[in-house]
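S.K.: Sequence and predicted model, in that order:
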Amino acid sequence: MTVIIGLEIHVQLNTATKLFCSCSTDYRDDPPNTHCCPVCLGLPGALPRLNRKAVEYGLKVAKALNMEVPEESEFARKNYFYPDLPKAFQITQYDKPLSIRGVLEIEDDEGHEKLVRITRAHLEEDPGRLVHKGGGDRARYSLVDYNRSGIPLLEIVTEPDLRSPQEARRFLGRLRATLEYLGVFDGDKEGSLRVDANISIKGYERVEVKNISSYKGVEKALTFEVTRQRNLIRRGQPVTVRETRHFQEGRGVTTASRSKEEEHDYRYFPEPDLRPLSVAGWVEEIELPELPVARKNRFVEQYGISLNHARTLTGDLKIAEFFEKIASVDPVLAATWTADTLLGELNYRSMSIAAVPPGHFAGLLKLLKEDTITDKAAVQVLRTMLDSCAAGNECEQPAAIVEREGLARATGVDFAAIVRTVIAGNPQAVEDYRAGKKGALNFLVGQVMRETRGRADPRELGELVAACIETTEG
Amino acid sequence: MVSEIEIESIAKLADIDLARDEVAGFTREFNAILEYFDALDQVSGEETLTPELTNVFREDEPGGCLPQEDVLANAGSTEDGFVKAPRVM
């Protein structure tokens, strides 16, 4: 059963002011309804004035996604009633969007290059934010904060080219990285990327899933929906025609929601308070920075790291920049430790890479490269260091941690006493080893490793333990 | 010409309660207004006022906003700085 997915992605452009008024967009830590003016509150007589930077940012994205920019584009009113929409219409773009027909390259489930077609990308204003006390299910009323009302959004719509929830997630990852590389978007801000997805099993009705408020939620929501639809089909039950469903992030499920207006119910018409745009000529002037795919290829060539590592390291602008700062120590070592260890440790602590001083991490890599510490001890040092960064104090230097905790690699000779104790304490294992059981040696080495807190090289210890058993009387 | 069914549908979208006996009157008035526009369409003149005027912008520089009490001044009901509205999802 082929899965067909198309996405509508709303991204907040990180301008300093809103799309149609001078209210600051920096509202996240402020009390509700403190970033509002007559324009974004929709008070009678207020007139919108278009933010030039939002148009420039939109065109930057258009160019990066290889889109056409029509000679003329225009804003339109989309009319509907909802408490988050103070004017009772949203200023958006309808039949004359800023840009049309683009592509973004991703990897499909087999790792092959794949082009996902972009239908359009247009500018619109964000509605206000609804808050439900005690959780959405139980609240008896909605609370509205208009600080978000009028934040510039770019709505990016794809063709139904995605074939699995994993592919949809990869697409969003690549799109998000591209937007960050362009400097028009900050993915760390809560709610800065929101997704609606159209999903169907080929030959059956399609369902729209709304309210996916994070890029990680997409795979979860779509996986749930694929399973739900497959189960319906398997049981011979119909998939409801053009149903709209809501993703409940906390529970990881989608639930049926009220039927929305039909397209013609929105009574779109050209926004009479704004002049049309004629900005196709600007596109040529725009200089694009190096984008994720180009950077990935450069990483492989310049640093000689694996394609997989390059992909991981370029998937996020901050990580790519971090890597470039530390690569000089030893590119392959740096790639391995960043991609395979550091990112996992950060994820576990819900920390951003921004909290890690590159110099500190480079210091850890140097200790590894000079063989001052073992891999095992390095992980321990890294964890201690990250915990010190997370605590909001100054990050502790890896060398200082090694010194304080006594984690420097010691040569085998220093461990002779521990080895003798372990051998004396585990006569059965020693006997098993003498009887030819290789596993018994690993067990003994493990015991010694535990006692030495990872300061010794396991292979070196293996030789030491074996030699020690030889010289001990059986 | 707009029909009574269309008037009922428009009223619903506009969130206006029309009593059954009001529909005919509104339909008549609606059509009369549309006839004025038809008449305006007959007038010859410039196609638009300033057809060449495009790309009217504001620079991305923050300006003043209203204090919270002014923002909430017209709200029917508030709570903790929010506007209180009927429950929607």
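M.R.: Received the coordinates, thanks.
S.K.: Any idea how many residues pack against A:Gly128?
M.R.: Counted with other CB atoms under 10 Å in any protein chain shown, residues neighbouring A:Gly128 total 26. Where you see a C-beta, it was placed from the backbone N, CA and C, and this is true even at glycine.
S.K.: any idea how far the residue most central in space within chain B lies from B:Phe26?
M.R.: With distances taken as CA atoms, centre = their mean, B:Ala14 lies nearest the centre of chain B, 8.6 Å away. Look at B:Ala14 and B:Phe26: by CB to CB, to the nearest Å, they are 11 Å apart.
S.K.: What of A:Pro152?
M.R.: From A:Pro152 across to B:Phe26, the span is 38 Å (CB to CB).
S.K.: Please apply the same query to A:Arg230.
M.R.: Taking CB to CB, one finds A:Arg230 at 49 Å from B:Phe26.
S.K.: Select the longest helix from chain B.
M.R.: Determined from DSSP state H, the single longest helix within chain B is helix B:23-42.
S.K.: And chain A, what are its domain boundaries?
M.R.: A:3-285, A:292-405, A:412-471 (automatic domain parsing).
S.K.: gap between the two ends of the first one?
M.R.: Using CA to CA, to the nearest Å, the span of domain A:3-285 from its first residue to its last is 40 Å.
S.K.: Just the residues contacting the very next helix or strand once past the longest helix of chain B, thanks.
M.R.: Once the chain leaves helix B:23-42, the next helix or strand it forms, by DSSP states H and E, is helix B:68-71. Helix B:68-71 has contacts (CB atoms under 8 Å, 6 or more residues apart in numbering or on different chains) with A:31-34, A:36, A:41, A:146, B:81.
S.K.: Give me the buried positions along helix B:68-71.
M.R.: B:68, B:71 (16 or more other CB atoms under 10 Å in any protein chain shown).
S.K.: now do stretch B:3-17
M.R.: Within stretch B:3-17, the residues scored as buried using 16+ other CB under 10 Å are B:7, B:10.
S.K.: ok now that stretch, how far from the chain's centre?
M.R.: Averaging C-alpha positions (CA atoms, centre = their mean, to the nearest Å) puts stretch B:3-17 14 Å from its chain's average.
S.K.: how close does the closest residue to B:Ile7 other than its chain neighbours get to chain A?
M.R.: Among residues not flanking B:Ile7 along the chain, B:Thr27 sits closest, at 4.8 Å (CB to CB, 6 or more residues apart in numbering or on different chains). Using CB to the nearest CB, to the nearest Å, B:Thr27 is found at 18 Å from chain A.
S.K.: and B:Thr27, how many neighbours?
M.R.: With other CB under 10 Å as criterion, B:Thr27 counts 18.
S.K.: picking that back up, run the chain-centre distance for the longest helix of chain B.
M.R.: 17 Å.
S.K.: Check stretch A:16-28 too.
M.R.: 25 Å.
S.K.: Quick one: check it for contact with chain B.
M.R.: Yes - contact of stretch A:16-28 with chain B (CB under 8 Å from any CB of the partner chain) involves A:16-17, A:21-24.
S.K.: can you give me the mean pLDDT across the strand or helix carrying A:Arg117?
M.R.: Taking DSSP H and E as the criterion, A:Arg117 maps to strand A:113-125. Average pLDDT, strand A:113-125: 97.
S.K.: Just list what it packs against, helices and strands only.
M.R.: helix A:52-64, strand A:89-92, strand A:99-107, strand A:152-158 (3 or more CB pairs under 8 Å, 6 or more residues apart in numbering or on different chains; DSSP states H and E).
S.K.: let's see 10 Å
M.R.: strand A:3-12, helix A:52-64, strand A:76-79, strand A:89-92, strand A:99-107, strand A:152-158, helix A:165-182 (3 or more CB pairs under 10 Å, 6 or more residues apart in numbering or on different chains; DSSP states H and E).
S.K.: what's across from the nearest residue to A:Leu115 once chain neighbours are set aside in the sheet?
M.R.: Excluding its sequence neighbours, the residue lying closest to A:Leu115 (CB to CB, 6+ apart) is A:Val103, at 4.6 Å. For A:Val103, the beta-bridge partners are A:Arg117 (DSSP bridges).
S.K.: wait, isn't A:Val103 in contact with A:Glu68?
M.R.: No - counting by CB atoms under 10 Å, A:Val103 sits too far from A:Glu68 to count as a contact (11.2 Å).
S.K.: Settle it for me: which of these two has more neighbours?
M.R.: Ranked by neighbour count (other CB under 10 Å), A:Val103 and A:Glu68 place A:Val103 first, with 16 against 12.
S.K.: list the contacts for the residue nearest to A:Leu115?
M.R.: Shown in contact with A:Val103 (CB atoms under 10 Å, 6 or more residues apart in numbering or on different chains): A:65-67, A:114-118, A:158-159, A:161.
S.K.: Spit out the contact partners of the residue of chain A at minimum distance from chain B.
M.R.: Closest to chain B within chain A is A:Ser22: 3.2 Å, counting by CB to the nearest CB. By CB under 10 Å, 6+ apart, A:Ser22 lies in contact with A:16, A:37, A:39-40, A:49, A:51, B:58-65.
S.K.: give me phi/psi at it?
M.R.: phi -90, psi 10 (degrees, to the nearest 10).
S.K.: for chain B, which spans come out with low pLDDT?
M.R.: B:46-51, B:89 (pLDDT under 70).
S.K.: Regarding chain A, what is its longest helix?
M.R.: Under DSSP H, chain A gives helix A:215-234 as its longest helix.
S.K.: Compute the inter-axis angle for it and helix A:165-182.
M.R.: Inter-element angle recorded for helix A:215-234 and helix A:165-182: 160 degrees (by axes from the mean of the first three to the mean of the last three CA atoms, to 10 degrees).
S.K.: Give me the buried positions along helix A:215-234.
M.R.: Here helix A:215-234 shows A:215, A:217-226, A:228-229, A:232 as buried, counting by 16+ other CB under 10 Å.
S.K.: same thing with stretch A:74-93?
M.R.: Neighbour counts over stretch A:74-93 (16+ other CB under 10 Å) mark A:74-79, A:83-87, A:89-93 as buried.
S.K.: cool, and stretch A:274-292?
M.R.: For stretch A:274-292, burial by neighbour count (16+ other CB under 10 Å) applies to A:274-280, A:282, A:291-292.
S.K.: Make a markdown table out of those residues and add pLDDT, distance to chain B and secondary structure.
M.R.: Putting the buried residues of stretch A:274-292 into a markdown table (pLDDT from 0 to 100; distance: CB to the nearest CB, whole Å; DSSP: H, G, I helix; E, B strand; the rest coil) gives the following:
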| residue | pLDDT | distance to chain B | secondary structure |
| --- | --- | --- | --- |
| A:Leu274 | 96 | 7 | coil |
| A:Arg275 | 94 | 5 | coil |
| A:Pro276 | 95 | 5 | coil |
| A:Leu277 | 96 | 6 | strand |
| A:Ser278 | 96 | 4 | coil |
| A:Val279 | 96 | 7 | coil |
| A:Ala280 | 96 | 11 | helix |
| A:Trp282 | 96 | 9 | helix |
| A:Leu291 | 96 | 24 | coil |
| A:Pro292 | 95 | 26 | helix |
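S.K.: quick revisit: who's more crowded, A:Pro152 and B:Phe26?
M.R.: Ranked by neighbour count (other CB under 10 Å), A:Pro152 and B:Phe26 place A:Pro152 first, with 27 against 17.
S.K.: Can you name the residue of chain B nearest to chain A?
M.R.: The nearest approach of chain B to chain A comes at B:Gly63, 3.2 Å away (CB to the nearest CB).
S.K.: That residue and A:Lys87: what is the separation?
M.R.: B:Gly63 sits at a distance of 20 Å from A:Lys87 (criterion: CB to CB).
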